[in-house]
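Asker: What follows is a protein structure lacking sequence information:
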């Protein structure tokens, strides 16, 4: 196959770095509804009827939303195999917690209303809170650790190695900065879920969602800004001593990296990337305001905010993807941890074909389901959750 | 067997995969049956078909959720537990997984929600199309995952790159049209169709035994048995096709399934019964059926099929060749690629056997220093455990043949005897509901346990594929997954039984009125 020479290896790597971002943003923007709504449910809804309304706002779409996560896993595997290998085995127990929480979530949606029992339903409500809070928090904790570098190294056969015992490794992930980023992520998802509930519900539930959502939105902006300050002054970044060949083989050990400088330096060399944090603050700020006055657009504003926040992380670190604190030269970067030229090209072709189709039918699904969810809709539909 | 990191990781993968595959086959088949029923409803406008669609749809929904949930683990545990595998073959193996997400998962998951919630929000025709989108998406996902799995059994279209220390894709179409993958795809989805058939027939028979929901039950059996009969034939035919492919690509697996230690004169016989003994390297108490194995395996009367001992001798040769590749690779790596053309040529000539040198590293730290005895020991490691393979294969085939006969009988009775099913057949149908699951699980066991000691046949030994985790990491998650999944399985089965006991809840009055008008005598004798 000669076709893949149409795009250079370097360009394909940058495109796939961008697509990695698109997937993470897609995940937070759609599955974020589910996480936020599941986390908020017992707090915005008191009676069983209210709680069913809340759950049914995402009832028809959570399955599709969750595919962003599955696709994210698959795409990282295909386009960034070393990243897939190092991150998921490195965050092993944290990944298990995320999976267990995510497994509880769909089961909770589906099974909660299968029995009349109050105890049964309340139990599932709290399982859903866990299913919403844990992933949202851990995604942020993971990002917080990636920004600081993760204690792994690669042996000469490129086997990822993480010294230390399992418990200490898990506790190591829960360091103050990472937990703080976890709070940014959690409040961002809660604000996003609240914006969704303001759009899809009415009455008391809507009012509570609006109140909690506004606070969560403000909390996200404040913690996001504080995390930026912390990052600027307290977290050393990573720099190349010898930069890898942008067209070279994907072997992280071929370049030399040291710790030093600050991720904030990127804003001096590439000032235009300041657009990302600005969009983050602007989007979330508008969401807070719009939730009060023009609720239809709050979700869109919140999505823009999510786009800004996640892009900020990626753009500040570029070209680093997963730095190693233990052996900086083993750090994974855009230039040395991708798939082969041919695989990146084939995957890009598949994405160009299928992503627009996915967006088309996803939009159609949301359009069909447009409008408020009301208690009598649920009573009429025996398949409702 | 010593229980270390590798064994625990394998146990975790096997248990999560086998749990996952409790739900998948039913989803595969039921999605098509439900879409078919809905199509009949749209074409005829008869309410009974809408009732059937909704009833089986409800059961489909309960099952679908657990398929999705347990599938989540599958997508991530390659990276979690099999980091070296992920690094080593991710360039090829990751692509079908990602395309599966793009092409199939999104489709089934986006449409399944709207199928349940959209009955009143669109026309009947649009809703039927949604049902087919779910069914097509589900089946496409099986296609891509089996392309990935097929590559593990028959790794085509890839080459080792010494600079990146991994296998890299060189021919995507070879991976796509891998004959093993194609045969496995049809075999697996057909097995899913048979599973749904046995489920629908079993549940419907229970209603007939109780004299409940006669209209629904009879029609369900009629649709399912026609669909199931075709699928059953396809499973057995394509199972045979897999056997034929296995002779080309995985002769060791086939020889182990057969308990065939010595190469027999063509055409080889088939062991109907026997107790394979791994230590003594023979199969005791064998009852042989002449010619059959040779015919299945080679489709000829005069092609010889190699036995285990001859295959081990061949493996020894590949190990010796692999050591040469390994030596050249070390030189290439030390010089960062700047080596003499002779070294390069020597690597290229032997790189296909590199995996065999890696297998040798599980016996001796430095393959170059291996003694003849150690090479023989490594060669014998290419033989999987014969006894469990031998018997699970026979259980699978037995279950398959039983289902073919039984579904054939139900089809015949349904179509040519006016649906007057004898009571023993209805009772058998209820009792036989677990049979397709037994066949599916033993089938996967044969396919994957028989692939040992490799994760990717001939390329990467299982022992080297694992992540650098501690035993406690894996023990903890294994216990966690098994507990979580078992609780969910119990809940699922109880909800299924409750939904079945309750029966259809939609269109009750309409269907009764319609049935009274059209089939006034359809009530059974109590």
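Answerer: Okay, I see it. Note that the structure is a prediction, hence the values are computed from the model and not measured.
Asker: next SSE after the helix or strand that contains residue B:256?
Answerer: Element membership of residue B:256, judged by DSSP states H and E, is helix B:251-258. As assigned by DSSP H and E, the chain's next helix or strand after helix B:251-258 is strand B:270-277.
Asker: thinking again about what came up before, pLDDT (mean, whole number) over the helix holding residue B:256?
Answerer: For helix B:251-258, mean pLDDT is 84.
Asker: Check what contacts that helix and list those residues.
Answerer: With contact meaning CB atoms under 8 Å, 6 or more residues apart in numbering or on different chains, helix B:251-258 is reached by B:243, B:246-247, B:261, B:268, B:270-271, B:293, B:297, B:305-308, B:311, B:382-386, B:389-390, B:393, B:446, B:450-451. For the C-beta atoms, the positions are set from N, CA and C on the backbone; glycine is no exception.
Asker: cool, stretch B:124-135 as well?
Answerer: So stretch B:124-135 is in contact with A:361, B:31-32, B:34-35, B:38-39, B:41-42, B:53, B:107-108, B:111-112, B:114-115, B:118-119, B:122, going by CB under 8 Å, 6+ apart.
Asker: count of residues packed around residue B:345?
Answerer: A count of nearby residues for residue B:345, using other CB atoms under 10 Å in any protein chain shown, gives 11.
Asker: Quick check: which element contains it?
Answerer: Counting by DSSP H and E, residue B:345 is part of helix B:341-350.
Asker: Not counting that helix itself, show me its contacts.
Answerer: With CB under 8 Å, 6+ apart, helix B:341-350 has contacts from B:162, B:321-322, B:324-325, B:328-329, B:331-332.
Asker: Derive a PyMOL selection command for the buried subset of the residues you listed.
Answerer: Filtering these down to the buried ones (16 or more other CB atoms under 10 Å in any protein chain shown) takes a single PyMOL command:
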select buried, chain B and resi 162+321+322+324+325+328+329+332
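Asker: Among the contacts of helix B:341-350, which lie within strands?
Answerer: Within the contacts of helix B:341-350, no residue falls in strands by DSSP state E.
Asker: How about residue B:472: what's its closest non-neighbour residue?
Answerer: Leaving aside its chain neighbours, residue B:472 sits nearest to residue A:166 (5.2 Å; criterion: CB to CB, 6 or more residues apart in numbering or on different chains).
Asker: Isn't the one you found up against residue A:96?
Answerer: No. In this structure, residue A:166 is not within contact of residue A:96 by CB atoms under 8 Å, at 10.5 Å.
Asker: any shared contact partners between those two?
Answerer: residue B:476.
Asker: Residue B:97 sits in which helix or strand?
Answerer: Per DSSP H and E: residue B:97 is located in helix B:83-99.
Asker: Just checking, which helix or strand succeeds that helix along the chain?
Answerer: helix B:106-117.
Asker: show me where pLDDT drops low in the chain?
Answerer: By default, I'm working from chain A. By pLDDT under 70, the low-scoring segments of chain A are A:1-2.
Asker: You answered for a different chain; I wanted chain B.
Answerer: Scanning chain B for pLDDT under 70 picks out B:1-2, B:239-249, B:266, B:291, B:295-302, B:519-526.
Asker: Tell me where it has strands.
Answerer: B:158-161, B:166-169, B:270-277, B:282-289, B:454-456, B:460-461.
Asker: Let me know which of the ones you listed is the nearest to chain A.
Answerer: Nearest to chain A among the strands of chain B is strand B:166-169; the distance by CB to the nearest CB comes to 4.3 Å.
Asker: Against which helices or strands is the closest one packed?
Answerer: helix A:341-368, helix B:83-99, strand B:158-161 (3 or more CB pairs under 8 Å, 6 or more residues apart in numbering or on different chains; DSSP states H and E).
Asker: Now do residue 124: how many residues are near it, please.
Answerer: All of this is about chain A. Residues near residue A:124, counting by other CB under 10 Å: 24.
Asker: hmm, I had chain B in mind actually
Answerer: Using other CB under 10 Å, residue B:124 has 13 neighbouring residues.
Asker: Next one: it from residue B:44, what distance?
Answerer: 11 Å (CB to CB, to the nearest Å).
Asker: Over to residue B:489?
Answerer: The gap separating residue B:489 from residue B:44 is 37 Å, by CB to CB.
Asker: Look at these two and report which has more neighbours.
Answerer: When neighbours are counted by other CB under 10 Å, residue B:489 comes out ahead of the other of residue B:489 and residue B:44, with 15 against 10.
Asker: Could I get the contacting residues of that one?
Answerer: Residue B:489 sits in contact with B:19, B:22, B:66, where contact means CB under 8 Å, 6+ apart.
Asker: Tell me the one of the residues you listed nearest chain A?
Answerer: residue B:66 (7.1 Å).
Asker: and residue B:173, how many neighbours does it have?
Answerer: So residue B:173, with other CB under 10 Å, has 10 neighbours.
Asker: so can I have JSON lines of the strands of chain B showing distance to residue B:218 and mean neighbour count?
Answerer: Shown next, in JSON lines, are those (distance: least, CB to CB, whole Å; neighbours: other CB atoms under 10 Å in any protein chain shown):
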{"stretch": "strand B:158-161", "distance to residue B:218": "52", "mean neighbour count": "18"}
{"stretch": "strand B:166-169", "distance to residue B:218": "52", "mean neighbour count": "25"}
{"stretch": "strand B:270-277", "distance to residue B:218": "38", "mean neighbour count": "17"}
{"stretch": "strand B:282-289", "distance to residue B:218": "40", "mean neighbour count": "14"}
{"stretch": "strand B:454-456", "distance to residue B:218": "48", "mean neighbour count": "25"}
{"stretch": "strand B:460-461", "distance to residue B:218": "52", "mean neighbour count": "24"}
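Asker: Take these and lay them out in CSV including distance to residue A:172.
Answerer: Listed next are the strands of chain B as CSV, based on distance: least, CB to CB, whole Å:
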stretch, distance to residue A:172
strand B:158-161, 34
strand B:166-169, 28
strand B:270-277, 48
strand B:282-289, 53
strand B:454-456, 30
strand B:460-461, 30
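Asker: and residue A:173, which of those strands is closest to it?
Answerer: Closest of these to residue A:173 is strand B:166-169, at 27.3 Å (criterion: CB to CB).
Asker: still on that earlier bit, so what angle separates the directions of the helix holding residue B:97 and helix A:341-368?
Answerer: On the basis of axes from the mean of the first three to the mean of the last three CA atoms, to 10 degrees, helix B:83-99 is oriented at 50 degrees to helix A:341-368.
Asker: Many thanks, I have nothing further to ask.
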